[in-house]
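A.B. asks: With the input below, show me the fold.
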Amino acid sequence: MFEWLKALRSQPSGLDEILQYFEQMLEDGRHTFDAATNALMGGTDPATIKDDLWATDKRINSNERRIRRRLMTHAAVHGRTEFPVCLALMSIVKDAERIGDYSKNLFDLANLGTGILSNSKDDLVQLKDKVSRLLAKSRNIYETQDEEGARAFIAECEALQKHCDTEMDALCAHDEGGGKILITGLAFRYLKRISAHSMNIITSVVMPLDRLDYYDEDGQG
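C.D. replies: Below is the predicted model of the structure:
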C-alpha cells in the first residue's frame with residue numbers, strides 16, 4: 001500500500017481527491033468520538049450535542065458513499081493496474097465509517113443516564129483521551145505514510161485493546177452493580193472496537209492488501 005499511495009499523491013489520477021474525502025472521514029470520526037465520550041464521561045448534556053453529532057455522522061456516511069462511487073468509476077476507467085488500491089481503500093473506508101457508528105453507540109450509553117461505575121471512571125477517561133489522540137494521530141500517519149509511526153501506533157492500539165479486555169473480564173466477575181456495570185462494560189467494548197478500526201486503517205501503511213486487518217510484527221499469524 002505505501003508505494004501505491006505515495007505514487008497516487010503525485011499523479012493527477014483522481015484518487016488524490018478520494019484520499020482527501022477519506023481523511024475528512026477520519027477527522028469527523030474523531031469529532032463524533034470526542035463529543036460522545038464527553039457526554040458519557042465528561043458531564044456534557046447529550047441534548048446539546050445530539051444534532052451536531054448526527055450531522056457529522058451523516059457527513060461520514062455521505063463521504064463513504066461518495067468514495068465508493070468514485071472508486072468504482074476510477075477502477076472502470078484505469079483498469080486492473082489500480083484495482084488493488086481501490087479494493088484496499090474500500091476496506092479502510094468501511095473502518096472509518098464504523099468509528100462513527102461506535103461513537104454513536106457511546107452517545108446512546110450517555111443518553112441512558114445510568115452513568116458508569118465510579119471506580120472505573122478514571123480509567124475510562126484516560127482511555128478515551130488516549131483513543132482521541134490515536135484518532136488524531138491516525139490521520140497524520142495516513143497522510144504522511146509514516147511506516148515507523150504506523151508500527152508504533154499499532155502496538156499502542158493492541159495494548160489498549162488488551163487492557164479493555166482485562167477490564168471487561170473483571171466486570172463480568174461482579175455480581176452487583178446493575179445497569180452501571182452494563183454501561184461500563186459496553187464503554188470498554190466500544191473503546192476497544194474504535195481502537196481496532198483505527199488500527200485496521202493504519203495496517204494499510206505497513207501491510208499488503210491481502211493482510212489488511214491482520215497485523216503481525218513477526219509474520220507468524
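
A.B. asks: For Ser120, see how far away the residue most central in space within the chain is.
C.D. replies: Of all residues in the chain, the one closest to the mean position by C-alpha atoms, centre = their mean is Ser198, 3.5 Å from it. Using C-beta to C-beta, to the nearest Å, we find Ser198 at a distance of 22 Å from Ser120. C-beta here means a position set from N, CA and C on the backbone, and glycine is covered the same way.

A.B. asks: Please apply the same query to Pro84.
C.D. replies: Distance from Pro84 to Ser120, by C-beta to C-beta: 43 Å.

A.B. asks: Between these two, tell me which one has more neighbours.
C.D. replies: A count of neighbours by other C-beta atoms under 10 Å puts Ser120 above the other of Pro84 and Ser120, at 21 against 15.

A.B. asks: What helix or strand is the more buried one located in?
C.D. replies: helix 118-144 (DSSP states H and E).

A.B. asks: I'd like to know which elements that helix is packed against.
C.D. replies: Packing partners of helix 118-144 (3 or more C-beta pairs under 8 Å, 6 or more residues apart in numbering; DSSP states H and E): helix 15-41, helix 147-172, helix 179-206.

A.B. asks: What helices and strands are in contact with the second one?
C.D. replies: Spelled out, that is helix 147-172. Counting contacts by 3+ C-beta pairs under 8 Å, 6+ apart, helix 147-172 packs against helix 118-144, helix 179-206.

A.B. asks: Can you give me the buried ones in the last one?
C.D. replies: Which is helix 179-206. 180-181, 183-206 (16 or more other C-beta atoms under 10 Å).

A.B. asks: so Val27 touches Arg139, yeah?
C.D. replies: You called it Val, but residue 27 is Glu. Yes. In this structure, Glu27 is within contact of Arg139 by C-beta atoms under 8 Å, at 6.2 Å.

A.B. asks: neighbour count winner among the two?
C.D. replies: Arg139 (20 against 15).

A.B. asks: mind checking how far the residue nearest to the more buried one when sequence neighbours are not counted is from Ala136?
C.D. replies: Take Arg139 and drop its neighbours on the chain: the residue closest to it by C-beta to C-beta, 6 or more residues apart in numbering is Leu26, 4.4 Å away. Distance, Leu26 to Ala136, by C-beta to C-beta: 9 Å.

A.B. asks: Near Gly29, how many other residues are there?
C.D. replies: 29.

A.B. asks: er, Asp165 actually
C.D. replies: 13.

A.B. asks: Equivalent analysis for Ser118, please.
C.D. replies: 9.

A.B. asks: so how far is Met41 from it?
C.D. replies: From Ser118 to Met41 the distance is 12 Å (C-beta to C-beta).

A.B. asks: got it, and His197?
C.D. replies: 20 Å.

A.B. asks: Buried residues, stretch 25-35. List them.
C.D. replies: Met25, Leu26, Asp28, Gly29, Arg30, His31, Thr32, Phe33, Asp34, Ala35.

A.B. asks: for stretch 138-145, same thing?
C.D. replies: Here stretch 138-145 shows Ser138, Arg139, Ile141, Tyr142, Gln145 as buried, counting by 16+ other C-beta under 10 Å.

A.B. asks: now do stretch 160-167
C.D. replies: Buried, per 16+ other C-beta under 10 Å, within stretch 160-167: Leu160, Gln161, His163, Cys164, Glu167.
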